[in-house]
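Chemist: this one's structure only:
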């Protein structure tokens, strides 16, 4: 296997000086994630300095380091290690002929990115690269680019933002051939004047499109006109996806599949495809349409992609489903603990309402970065909760107080201050036959609740 980067290639890419000859098979900026053969990029942050962890990285097997201060191990020396990481990302993009897809949106970014990886890898095993975890910001995107092998057939990159202008910079690093906006919701609205302003910021992803590139946008969004107007400035082709008449890629039928998930019949501009989505939920139907649109735009195998969607695994924190064993019987745990906004909350609650269960139980954490609309948007979850026939709700965090007020007399609930209190309460209340949804913003820490339930630590 050829090296991902040699020290000479790194030095040339970043304008640095190599202290010795070495080769690397990976790139990391977190010393805790360094593995054998990696390049460790020592970044200086507000709270810590990666140069303090050079020895730790070498002990973990790093072949060399990228530093802005000379060290006594194999290294490439630069003036600014963050600028060098960005330069490596640009060089990685420049040296590949891979078809590149960029993904953004208020909800569904990571799931769509992972689905794209599975869909493309099905026909091109081992030749598809994607960003891992949610490495979608000003550090994660160049890191993900720098990890892409030069001979990749496809690259899939998630891009996030919580301020205007951020996606504009990221997409010019990624330079996608296809750019997807999954959906628009009032996520991060604390930093924007309106939801329309969020749509404008998401539309910045089109600015980096390569000549001849394709923009893929949600037809059913109330912001379709604004997204289309932005896309028309930069895209040679525009594809819309959704369930409404007029969408270029449209789900004309979607019915529950016998083994779970959804059986979908979709019309494309020049074809029709019937396929199954393994992951349940209406949101996965629309995500899958965007995925298939991107595969087709790149000339990929949409039949193979459809097969991959049927086998799509649930992602930890984003829909993973675990069977719990309680008193000799089963209960279902749905892990949506990584993130939450009003749109994703409503979608996952709606799916919970379709689950066959003796009780439907929710552990809902506060939604963050909603600004002065926080009380209104939290209270607004009352209708999705009641229409989804939730039997018992545990509301976590001070921001949930408006929702607690709305639910009085409608649904049995408890309002607790934090994730630890929620964990203790749910462990004492879980019953055989339950379907338990755990969802909230990542900072609330509901992953601890998921871990406790999955480990069988029931009081």
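Modeler: Okay, I see it. Owing to the predicted nature of the structure, the values given are computational and were not obtained by experimental measurement.
Chemist: okay, now residue 362: neighbour count?
Modeler: Other residues near residue 362 number 28, with proximity taken as other CB atoms under 10 Å. Placement of C-beta: from N, CA and C, glycine included.
Chemist: which strands and helices sit next to the helix or strand where it lies?
Modeler: Under DSSP states H and E, the secondary-structure element containing residue 362 is strand 359-365. Strand 359-365 is packed against helix 342-352, strand 392-396, helix 419-429, strand 434-439, with contacts defined by 3 or more CB pairs under 8 Å, 6 or more residues apart in numbering; DSSP states H and E.
Chemist: quick one: strands adjacent to the shortest one?
Modeler: Using DSSP bridges, the strands paired with strand 392-396 in its sheet are strand 359-365 (parallel), strand 412-416 (parallel).
Chemist: buried stuff in the helix or strand following the strand holding residue 362?
Modeler: From strand 359-365 onward toward the C-terminus, using DSSP H and E, the following helix or strand is helix 374-379. Buried positions in helix 374-379, judged by neighbour count with 16 or more other CB atoms under 10 Å: 374, 377, 378, 379.
Chemist: for residue 149, see how far away the residue most central in space within the chain is.
Modeler: Centrality entry for the chain: nearest residue to the mean C-alpha point is residue 110, 1.8 Å, by CA atoms, centre = their mean. Distance from residue 110 to residue 149, counting by CB to CB, to the nearest Å: 22 Å.
Chemist: kindly report the same for residue 292.
Modeler: Summarising the geometry, the distance separating residue 292 from residue 149, computed by CB to CB, is 25 Å.
Chemist: ok so, going back, distance to residue 66 added to the strands paired with strand 392-396, as CSV?
Modeler: Rendered in CSV, the data for the strands paired with strand 392-396 read as follows (distance: least, CB to CB, whole Å):
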stretch, distance to residue 66
strand 359-365, 37
strand 412-416, 45
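Chemist: deepest-packed of those, please.
Modeler: Ranked by mean neighbour count under mean count of other CB atoms under 10 Å, the strands paired with strand 392-396 are led by strand 359-365, which reaches a mean of 26.
Chemist: quick one: that strand to helix 342-352, angle?
Modeler: Counting by axes from the mean of the first three to the mean of the last three CA atoms, to 10 degrees, strand 359-365 points 160 degrees away from the direction of helix 342-352.
Chemist: and strand 359-365 with helix 419-429, angle?
Modeler: Using the same axes, to 10 degrees, strand 359-365 lies at 170 degrees relative to helix 419-429.
Chemist: and the angle from strand 359-365 to strand 434-439?
Modeler: What separates the directions of strand 359-365 and strand 434-439 is an angle of 20 degrees, with the same axes, to 10 degrees.
Chemist: what's next to strand 359-365, contact-wise?
Modeler: Contacts made with strand 359-365 from outside it, assessed by CB atoms under 8 Å, 6 or more residues apart in numbering, are listed as 337, 340, 345, 349, 352-353, 381, 385, 388-397, 400, 403, 419, 422, 426, 429-431, 433-441, 444-446, 449.
Chemist: now do that strand, average pLDDT.
Modeler: Per-residue confidence for strand 359-365 averages out to 96 on the pLDDT scale.
Chemist: chain center to it, what's the gap?
Modeler: Between the centre of strand 359-365 and the centre of its host chain there is 22 Å, according to CA atoms, centre = their mean, to the nearest Å.
Chemist: turn the buried residues of helix 374-379 into a markdown table, columns for distance to residue 285 and pLDDT.
Modeler: Below are the buried residues of helix 374-379 laid out as a markdown table (distance: CB to CB, whole Å; pLDDT from 0 to 100):
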| residue | distance to residue 285 | pLDDT |
| --- | --- | --- |
| 374 | 30 | 93 |
| 377 | 24 | 94 |
| 378 | 27 | 95 |
| 379 | 28 | 95 |
